[in-house]
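*Asks:* what shape does this take:
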Amino acid sequence: MKIKLLILTSLIVGLEALLVSFSNACLAKAYFASQSEMLKNSQIIAVVDIKKVEKVEAAGLSRSYSQKATADVEQTLKGSPSKQIMIYGGEDFICAQCLLKPGKNLVFLNQDNNLLIGSNWHLSVRPIENGQLEWYAGEHYSPQKPTKLEDVLKSIKAGLPKPVKLSPPLAALNNADTVDDGATGEAAEPSQAWQAYRAILPVAAQHKSELEYIVAMGKPGGRIYAAMLLHHAAKQADQKASQNASKKISEKSVSVSADQTKDALQTLSTCNGSVVYRSGCKGFPTGIREIANKLSGEGKFMNLKLE
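*Replies:* Residues are numbered from 1 along each chain as shown. As a prediction, this is how the structure comes out:
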């Protein structure tokens, strides 16, 4: 009897160790965004009422999904969702998947090809119960604490940039759904977004605040263009600093720094959303973080280059 108990105890201990190891391995692979990263990287932030959840087999760029939720949008804090949206969850990465259930939720979403998905794993869908939900106790994802919905919404609104007035070229960038490299193919001229990008390029340093707004609030293509323009603005600032060095002008007087540009690219490098990359007549969906990582690390993605 004692031998059986010892064997059973050993099996239980071994199983617990295996589960802990498995859990830690899963968490090590899942990057959980900080509060500010989640606000910037989410294409849609809204309070929704999930009416029903169905089993599906849907594929995105890098994940497949087993759930589809039909949700009514009750309040929008970021983006322009329809009154009713479909949210996909139950990712094949089971360690941090979004498990969708009927009821009111605060959601943070991105577009994976044609699917709306959580922007920050299971932290993307926050059930609201009795006017409260689990929310960041600080900047990082852990720990979380029960917080009143009204306080969370107030915090989110304070964390998002205030609307700014955009000139026509910047407005075109802000609304760019695709990112184009300037090749025309059979078209008569490059896309409107590409022309706007080229128009802003020489004066990028003069539009720092607008570009930072677009990185945080713009459509997918516009966010990439804005990050590229901030890179160019930083180069302009560095050149200006060098020219003024002999006049003993402090680098602090320069309006754009390389660190700010690096921050913009790093923010996008953690974004799980997608964008259509177009070159001439060809276009294909691509991960935003894939483009941002290539631009940041190598200075180019396909035919798209930093200047």
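*Asks:* just give me the neighbour total for the spatially closest residue to Gln67 that is not a sequence neighbour.
*Replies:* Excluding the flanking residues, the one nearest Gln67 by Cβ to Cβ, 6 or more residues apart in numbering is Gly90, at 3.7 Å. In this view, the C-beta of every residue, glycine as well, is placed from N, C-alpha and C. For Gly90, the neighbour count with other Cβ atoms under 10 Å is 20.
*Asks:* pretty sure Gly90 sits in a helix.
*Replies:* No. Read with DSSP: H, G, I helix; E, B strand; the rest coil, Gly90 is strand and lies in no helix.
*Asks:* wait, what's in contact with it?
*Replies:* Taking Cβ atoms under 8 Å, 6 or more residues apart in numbering, we find Gly90 in contact with Tyr65, Ser66, Gln67, Gln97, Cys98, Leu99, Leu100.
*Asks:* what segments of the stretch 151-300 of the chain are helices?
*Replies:* For the stretch 151-300 of the chain, the helices defined by DSSP state H, counting those that start in this stretch occupy 168-174, 192-200, 208-217, 220-245, 258-268, 288-298.
*Asks:* then the stretch 1-150 of the chain?
*Replies:* So, for the stretch 1-150 of the chain - with DSSP H, counting those that start in this stretch - the helices run 2-29, 35-41, 149-159.
*Asks:* and the second one, what does it pack onto?
*Replies:* With contacts defined as 3 or more Cβ pairs under 8 Å, 6 or more residues apart in numbering; DSSP states H and E, the secondary structure elements packing on helix 35-41 are strand 103-112, helix 149-159, helix 208-217, helix 258-268.
*Asks:* low-confidence ranges, the stretch 201-307 of the chain, go.
*Replies:* For the stretch 201-307 of the chain, applying pLDDT under 70 flags the ranges 242-243, 245-262.
*Asks:* report the central residue of this structure.
*Replies:* Centroid-nearest residue in the chain, with Cα atoms, centre = their mean: Asn41, separated by 2.4 Å.
*Asks:* contacts only, for the closest residue to that residue other than its chain neighbours.
*Replies:* Closest residue in space to Asn41, ignoring its immediate chain neighbours: Cys271 at 4.2 Å, by Cβ to Cβ, 6+ apart. Cys271 is in contact with Asn41, Asn110, Ser119, Arg223, Ile288, Arg289, Ala292, counting by Cβ under 8 Å, 6+ apart.
*Asks:* pick out the most distant pair among the residues you listed.
*Replies:* Spanning the widest gap among these are Ser119 and Ala292, at 14.7 Å by Cβ to Cβ.
*Asks:* ok, how many other residues are close to Trp121?
*Replies:* By other Cβ under 10 Å, 21 other residues sit near Trp121.
*Asks:* can you give me every residue that contacts it?
*Replies:* Contacts of Trp121 (Cβ under 8 Å, 6+ apart): Ala30, Phe32, Glu91, Phe93, Ala96, Gln97, Cys98.
*Asks:* now swap in Glu134 and tell me
*Replies:* Arg126, Gln144, Lys145, Pro146, Thr147.
*Asks:* beta partners for it?
*Replies:* Beta bridges link Glu134 to Pro146 when assigned by DSSP bridges.
*Asks:* that one and Pro285, how far apart?
*Replies:* 32 Å (Cβ to Cβ, to the nearest Å).
*Asks:* OK, contacts around Ile288?
*Replies:* With Cβ under 8 Å, 6+ apart, Ile288 has these contacts: Pro220, Arg223, Ile224, Leu268, Cys271, Asn272, Gly273, Ser274, Val275.
*Asks:* make it 6 Å
*Replies:* Leu268, Cys271, Gly273, Val275 (Cβ atoms under 6 Å, 6 or more residues apart in numbering).
*Asks:* the third one: what's it in contact with?
*Replies:* By that I understand Gly273. Gly273 neighbours (Cβ under 6 Å, 6+ apart): Gln43, Asn110, Gln111, Pro220, Ile288.
*Asks:* at 7 Å instead, please
*Replies:* By Cβ atoms under 7 Å, 6 or more residues apart in numbering, the contact list for Gly273 reads Gln43, Asn110, Gln111, Asp112, Pro220, Ile288.
*Asks:* for PyMOL, what selects the buried ones among these?
*Replies:* Buried residues among the contacts of Gly273 (16 or more other Cβ atoms under 10 Å), as a PyMOL selection:
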select buried, resi 43+110+111+112+220+288
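*Asks:* if we can go back for a sec, minimum distance to Lys78: which of the helices of the stretch 151-300 of the chain has it?
*Replies:* helix 208-217 (7.0 Å).
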